[in-house]
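Participant: below is the sequence, then the predicted model.
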Amino acid sequence: MAELTAALDDAISGQGRIVMLAGEPGIGKTRTAQELAKLAEQRGAQVLWGWCYENEGAPPYWPWVQSIRAYVQHSDAEQLIAEIGPGAADIAEIVPEIRQKLPGLEPSPALEPVQARFRLFDSIATF
């Protein structure tokens with residue numbers, strides 16, 4: 001928890017990073033994440049959850065879709081456009097709810113698949 005709390009402190013101060021919890025089933029990964037989320041919310045952070053579906057059939061980018069969808073549902077259009085930035089159309093390709101909130105959103109120019117995926121990742125990271 002000390003390492004996770006340090007990562008949270010960094011994120012709150014503007015120095016975000018990614019931390020991965022890994023291990024065997026049942027060792028407390030979810031509980032640890034829940035405790036960190038509770039601490040983050042107590043410190044004023046907004047917590048969004050996404051999870052991987054372990055079987056076949058999950059849509060691409062599923063953990064990101066879930067988190068962004070939850071955020072979009074609780075944002076008004078003005079707030080969303082200010083925070084999502086110029087990558088809104090890219091992210092809307094995997095989270096259609098963005099187009100519902102921002103109906104006038106112009107599609108992004110077409111790119112080769114590898115470039116489009118990089119642009120999507122960059123748009124999500126910027127958001």
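Facilitator: Right, received. Where do you want to start? Numbers count the residues shown, from 1 in each chain.

Participant: hey, where'd the helices end up in the chain?
Facilitator: Remark: helices assigned in the chain by DSSP state H are 2-12, 29-42, 62-73, 77-84, 88-92, 97-101, 113-126.

Participant: out of these, which one sits most buried?
Facilitator: Among the helices of the chain, helix 88-92 has the highest mean neighbour count (mean count of other CB atoms under 10 Å), at a mean of 21. Yep, even glycine has a C-beta here, placed from its N, CA and C like the rest.

Participant: output the contacting helices and strands for that one.
Facilitator: Judged by 3 or more CB pairs under 8 Å, 6 or more residues apart in numbering; DSSP states H and E, helix 88-92 is in contact with helix 77-84, helix 97-101, helix 113-126.

Participant: can you rerun that using 6 Å?
Facilitator: Counting contacts by 3 or more CB pairs under 6 Å, 6 or more residues apart in numbering; DSSP states H and E, helix 88-92 packs against helix 97-101, helix 113-126.

Participant: follow-up on the earlier one: out of the helices of the chain, nearest to W51?
Facilitator: Set against W51 and scored by CB to CB, those come closest in helix 62-73, at 6.0 Å.

Participant: contacts for that closest one?
Facilitator: Here helix 62-73 makes contact (CB atoms under 6 Å, 6 or more residues apart in numbering) with 48, 50, 52-53, 94-95, 97-98, 101.

Participant: between those, which sits nearest K29?
Facilitator: K29 lies nearest to C52 out of those, by CB to CB, at 12.1 Å.

Participant: now the closest one. Nearest residue, chain neighbours left out?
Facilitator: Distances taken as CB to CB, 6 or more residues apart in numbering put P63 closest to C52, at 5.6 Å, once the chain neighbours are dropped.

Participant: P60: how many residues sit nearby?
Facilitator: Residues within reach of P60, counting by other CB atoms under 10 Å, total 9.

Participant: could you check the pLDDT of it?
Facilitator: pLDDT for P60: 86.
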